[in-house]
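J.: quick one, fold the following:
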Amino acid sequence: MVKSTPEPVDVHVGSRVRLRRTLLGMSQDKLGKALSLTFQQIQKYERGANRIGSSRLYQLSQILDVPVSFFFDDMPAEVTGKSSGMSEGGKQSFEVGQLSRRETLELVRAYYKIKDPAVRKKLFEMVKALGNSALTVEGPSA
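T.: Numbers count the residues shown, from 1 in each chain. The predicted structure follows:
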């Protein structure tokens, strides 16, 4: 039996499932139970080892409270075949891998724990300003 490598689209979709599940603080076991699957099956989906069918993708979108298109957002150029890599204005687009870092996930969870929307908005604006000033002072980091 020959083990084939997962398709890049399946790997990307699986990583988006993992990203959203983790942002919600949901375990693989809990997601599996919601889908009547084992956590091992969820692991295979998240690695891209098993392809997610359209009806299952729809179920995931309902459980994870995102549109189906979320799973295809930020797809890298090597997957889509488009040679972009740059966002509007010529700036390097945000790396998808950075979204799944523990630091990023903890920051997002902490941000949404702030109950006052005005405070949340001010914090958001401050972080945006700091990020933009870092780009102009130091240049884009690699």
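J.: any low-confidence regions in this structure?
T.: 1-3, 82-100, 134-142 (pLDDT under 70).
J.: domains of it: list them as residue ranges, please.
T.: 1-90, 101-142 (automatic domain parsing).
J.: to the chain's geometric centre, what's the distance from the shortest one?
T.: Read it as domain 101-142. The chain centre lies 17 Å from the centre of domain 101-142; the measure is Cα atoms, centre = their mean, to the nearest Å.
J.: same thing with stretch 47-61?
T.: 15 Å.
J.: from Phe70, how far off is Leu64?
T.: Separation of Leu64 from Phe70 (Cβ to Cβ, to the nearest Å): 8 Å. For every residue, glycine as well, the C-beta is placed using N, CA and C.
J.: mutual contacts of those two, please.
T.: Both Leu64 and Phe70 are in contact with Arg20, where contact means Cβ atoms under 8 Å, 6 or more residues apart in numbering.
J.: leaving out sequence neighbours, find the closest residue to Asp10.
T.: With Cβ to Cβ, 6 or more residues apart in numbering as the measure, Gly48 is the residue that lies nearest to Asp10, at 3.9 Å, once sequence neighbours are left out.
J.: how many neighbours does the one you found have?
T.: If you count neighbours by other Cβ atoms under 10 Å, Gly48 ends up with 20.
J.: who does the longest helix anywhere in the chain touch, helix- and strand-wise?
T.: Longest helix in the chain by number of residues (criterion: DSSP state H): helix 117-138. If you count contacts as 3 or more Cβ pairs under 8 Å, 6 or more residues apart in numbering; DSSP states H and E, helix 117-138 packs onto helix 102-113.
J.: could you dump the helix it packs on to PDB, C-alpha only?
T.: Taking C-alpha atoms only, helix 102-113 is exported to PDB below (Å, rounded to 0.1, in the frame of the first residue of the first chain):
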ATOM      1  CA  ARG A 102       0.000  29.900  20.500                       C
ATOM      2  CA  GLU A 103       0.900  33.500  21.200                       C
ATOM      3  CA  THR A 104      -1.600  34.700  18.500                       C
ATOM      4  CA  LEU A 105      -4.400  32.500  19.800                       C
ATOM      5  CA  GLU A 106      -3.800  33.600  23.400                       C
ATOM      6  CA  LEU A 107      -3.900  37.200  22.300                       C
ATOM      7  CA  VAL A 108      -7.200  36.800  20.500                       C
ATOM      8  CA  ARG A 109      -8.800  34.900  23.400                       C
ATOM      9  CA  ALA A 110      -7.700  37.600  25.800                       C
ATOM     10  CA  TYR A 111      -8.900  40.300  23.500                       C
ATOM     11  CA  TYR A 112     -12.400  38.900  23.300                       C
ATOM     12  CA  LYS A 113     -12.500  38.500  27.100                       C
END
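J.: fine by me, thanks again.
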